[in-house]
Every structure is written in C-alpha cells, then in structure tokens.
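Peer 1: Any chance you could fold what I've pasted below:
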Amino acid sequence: MSLFHSPSSTIASKPSSSTIYSTTCSMGIDLASVPIASTTRRAPSTVDDEIDSEMDDFSTQFSSSSIDTQIETPVETSTSQPSDSTTQPAAAPAAAPVRRRRRKPKKSFINKNAIPDSILTDPAIQSAISTLPPSYNFEIPKTIHRLRCHSPPPSTVSLQMPEGLLMYSCLISDILTRFTSATSVIILGDVTYGACCVDDLGAKAIESDYLIHYGHSCLVPLTETVLPTLYVFVEITTDVRHLTSCFLSSFTGSHVHIMGTVQFRTAIIESHTILQNSYTATIPQAKPLSPGEVLGCTSPKNLYSDNLPSSSQCMLFIADGRFHLEAAMIANPKLKAYRYDPYSKILTVEGYAFEKMKGLRVEAIRKARKAKVFGVILGTLGRQGNPRILRRVKNLLNENGKESFIVLLSEIMPQKLEMMPQADAWVQIACPRLSVDWGHFFKKPVLSTYELYVLLGEAEMKEGEYPMDFYSKGDDNYWGNFGADNDKRRYND
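Peer 2: As a prediction, this is how the structure comes out:
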C-alpha cells in the first residue's frame, strides 16, 4: 500500500508614493513664478495617476522636448540705444532641472494556488469529505480548487490510484462530479506500482482532460505529461509519540537516519524534531526526491560511517511494508535498520541478505557476457520506460558490436520472454528491482541498465555496494532517468 500533501501561503504588500521633483531649480528661480499654460488637472486616483499628474505639471512649466532645456532669465530693457562699443553681457544659463526616476509601486504577490475560504468553509464540501477516512488526506479542497480554476474547465477527469486506495475511488468520483465542472470521472484500474507508473498517456488515449494521480510524489515532471496532471500524496496520520517512544526504548546508539515513504513525510519531520534531542538525527535526501523520501529503486546512500561503531548508528524507516525499505538497505548494506509500521504500531529490526543478492547479480552479468543478441525491453506501464535511456542503451550495444531488438511490455514475465528465444540475454528499462528481486526466475539473464553498463565496462561494481539511484541525479549516472545528460528530468525530446 502506498500513499501522500502540500501547503501554500499568500504574501501581499501595499505600494507607497514619493516626491518626484523639487519646485526650485539650482539657479534660485522659483518655478512657481514661471508662466504656466492653462491646464485641467484631474484628481489622482492611484499612485501612478498622482505621479503622472505631477509630471504633466512639470512638463507644462518647461515647454521643450528636452529635459536639459535652459530657463531664460528676464533681461531689463532700456529706452536708450546702447553704443556700438558696449557689449550686452550674456545671461547666465539656468541649471537644468534634476532628472528623477519614477518610483514604481511595490508589487503585490498573490498565490494563485491558495485555496479560497469559500471552498475551505463550504459545509457541503466538508460533509462530503467526512465520508472519507479521517486519517487519509486526499486533499479534496485543493483538488476542487484546481479543477475549478483550470481553463478550460475539464469535463472528463481520470483518477489513478494504487490498489490499496481503489476502495475510495467511487467516493472521490462522486465528490468531484458534484463540486466541479467534471461531468465524467474515469477510474483507471490498471496496476500502479509507484510514481513511475503515472498513466498520462492512457488517460489521454481515452480523451480525458485532466489526470489526478494518488499515492505518490511528482516523479515524472508536470512539464513532461501530455495532459494536465495533479499529484496527491495522500498523507497518512501517524502516532509520532508512540513511534518515537518505541524507538527511544529500543536503540541505545547515537546516530539515526530517518526515512520513509512520501505519505509519511510529516511523520518523518516530526520524529526528527523529537529524536534530535536524544540522538544525532538526520533526514537524508536523494535529490530530486523530498528529504527522507525513498522509492523502491532510489534511496539516499553513503549513510554508514566507518568512524563510528556499527552499533551506534542505524536507520529508522517509516512504512507499512518492506519494498521501499529494501532499497534503503541495498544502498546502505552496513547500516542497521528499524522499521515502524504505522498501522500495526510495531517497531521491528529488519535484515537483508545483501551479499547473496549481489552474488546472484554478478552471476547474471557473467552469463550475459557470452550474449551476441540482446532483447531490449521498454516498460510501458505508465512512464516506467524512458525513451532517452532506450536510446543510450541501443547506442551502447551498437558501439560494442552487439545485435539488439526492442520489445514493449507492460508486465515482464518469464513465460513471455521464453516466447522470443532469439535473444541470448535481456536488458529491461522498466524497474531495476525486477532484475534484483526476480531475475533468478528467468532462464536467460535479465539485466538492469546499471548491470548492462557494468557488463560493457562503462560502470564499476564496487565491493560492498549496489546502487539504488534510478531516479536520483548524478554526474555519472547514465543508466538512470536523470543522469548527467538529462538534468532537466525530461522524458521526451
């Protein structure tokens, strides 16, 4: 079961007016004494109007196209004709008026994503929300606001959820059709393993105007989806006091790294706040994931310190299952692991046979060295398969003299691959954990992209390490989604 949240704030400020110019020039001439043409001045209604009005008066006093025009000083006339030998002294030039910049009014920033009170306090909406479990945050007000504000208003909306949340899909569908412009809400029933399975392509194919993906973080950027998409984490309320009291009574060391799945993000932060009073507590991050967030294929790494006793350091993982925890244990095999299940409220010490797993993967790589023809699988379950990685893999195989062909599959099963015997080995661009967890069930090697890079000498498999970085940024992570040549997190060209 997988699940998850987000806030917003408003900043506003009022502009202020200021003096634009001085009414006396540097020559000592009172500008008020200069003849002014008759003008009609309207009352200023705004700061900009007031400034414009003052500037109009200013330009009227000096009828010239240049701000540097001199002001002529009146010369006293005489009734007698001056002699030829007498020269009239030239009038001293008037100083040019000081040029001052118009001060722009301060901008007022309005958060367009802020949910209006008309939605938050609507008794009908609150009554509808009460039909959903109170410990699950489906972010109904935010969803209603986004759909109402979208232009044009979506009439067909698709909902995508992991299997553990499908039981609530009909209730959410009724709420959205009642309080938004949606006249049709479609529930996508295909299996959803994680955020990589966001099915914007499928929703587009059935002519949906909008997709709402529940239970996972924004792994595939909104700029890459083919229709407007909203991610709802479905955060779950957790008894943090019970969690921390269990851990405090169980771990006697000094250093703890707190992680979990994204639906327990708040629990991770609150646990850190409490535990940092008793331990050196950290919330590690594998960017671009949220702090503390772990996927089944991506986890923070290098958390174990050789400068500390192994008994004094551990990870505390908040999740209801082992799948995501195993990614953290594979990435940090020396680190002791505790897992707290928020549903059963049980804290357990977990283990993982890292050396056995790695031995199986080394053997699969060894067998694949003899392969001349590779079948390249591009996963089509949501966005599991990345065409950019496919292009890298094809080029790498060609450069090393290997033949290859491409197969599109939504589910990768041994029986399906056995129907294509022309492949000597396989490399799959879907989920690395499929090779790690199930690779030994296939008759022929099924490598992850990282293992293919190791096979062809483009990457090194270090002692005591196996990377879990399929969705993390890295300078040398060419086998992953956001490697050095794709730091913009693009799926499409």
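Peer 1: buried set for the helix or strand that Ile175 is a member of?
Peer 2: When elements are assigned from DSSP states H and E, Ile175 belongs to helix 169-179. With burial defined by 16 or more other C-beta atoms under 10 Å, the residues of helix 169-179 counted as buried are Ser169, Leu171, Ile172, Ser173, Ile175, Leu176, Phe179. Where C-beta positions appear, they are placed from N, C-alpha and C, glycine not excepted.
Peer 1: helices or strands up against that helix?
Peer 2: Using 3 or more C-beta pairs under 8 Å, 6 or more residues apart in numbering; DSSP states H and E, the elements in contact with helix 169-179 are helix 123-129, helix 140-149, strand 156-160, strand 184-188.
Peer 1: Give me whichever of those is most buried.
Peer 2: strand 156-160 (a mean of 24; mean count of other C-beta atoms under 10 Å).
Peer 1: residues in contact with Ala368?
Peer 2: By C-beta atoms under 8 Å, 6 or more residues apart in numbering, Ala368 lies in contact with Asp424, Ala425, Pro445, Leu447, Glu451, Leu455.
Peer 1: Would you format the residues you listed as TSV with pLDDT, secondary structure and neighbour count included?
Peer 2: Below are the contacts of Ala368 laid out as TSV (pLDDT from 0 to 100; DSSP: H, G, I helix; E, B strand; the rest coil; neighbours: other C-beta atoms under 10 Å):
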residue	pLDDT	secondary structure	neighbour count
Asp424	98	coil	17
Ala425	98	strand	23
Pro445	98	coil	27
Leu447	98	strand	24
Glu451	97	helix	26
Leu455	97	helix	24
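Peer 1: Out of those residues, the closest to Ser290 would be?
Peer 2: Sorting these by distance to Ser290 puts Glu451 at the head of the list, at 27.8 Å, by C-beta to C-beta.
Peer 1: Without its sequence neighbours, what residue ends up closest to that closest one?
Peer 2: Ile365 (5.4 Å; C-beta to C-beta, 6 or more residues apart in numbering).
Peer 1: same question, Gln285
Peer 2: Pro291 (4.4 Å).
Peer 1: What separation do you get for the one you found and Tyr279?
Peer 2: 17 Å (C-beta to C-beta, to the nearest Å).
Peer 1: Those two: which has the busier surroundings?
Peer 2: Using other C-beta atoms under 10 Å as the criterion, Pro291 and Tyr279 rank with Tyr279 on top: 22 against 17.
Peer 1: Got the confidence number for the nearest residue to Pro414 once chain neighbours are set aside?
Peer 2: Distance criterion C-beta to C-beta, 6+ apart; nearest residue to Pro414, sequence neighbours excluded, is Phe442 at 5.1 Å. We note a pLDDT of 97 for Phe442 in this prediction.
Peer 1: if I read this right, Phe442 contacts Ala425, doesn't it?
Peer 2: No - the criterion here is C-beta atoms under 8 Å, and Phe442 misses it with Ala425 at 9.8 Å.
Peer 1: show me the contacts for the closest residue to Glu403 other than its chain neighbours.
Peer 2: Nearest non-adjacent residue to Glu403, counting by C-beta to C-beta, 6+ apart: Val373, 4.6 Å away. Residues near Val373 by C-beta under 8 Å, 6+ apart: Lys402, Glu403, Ser404, Phe405, Gln422, Ala423, Asp424, Ala425.
Peer 1: and of those residues, the nearest to Lys204?
Peer 2: Nearest to Lys204 out of the contacts of Val373 is Phe405 (C-beta to C-beta; 27.5 Å).
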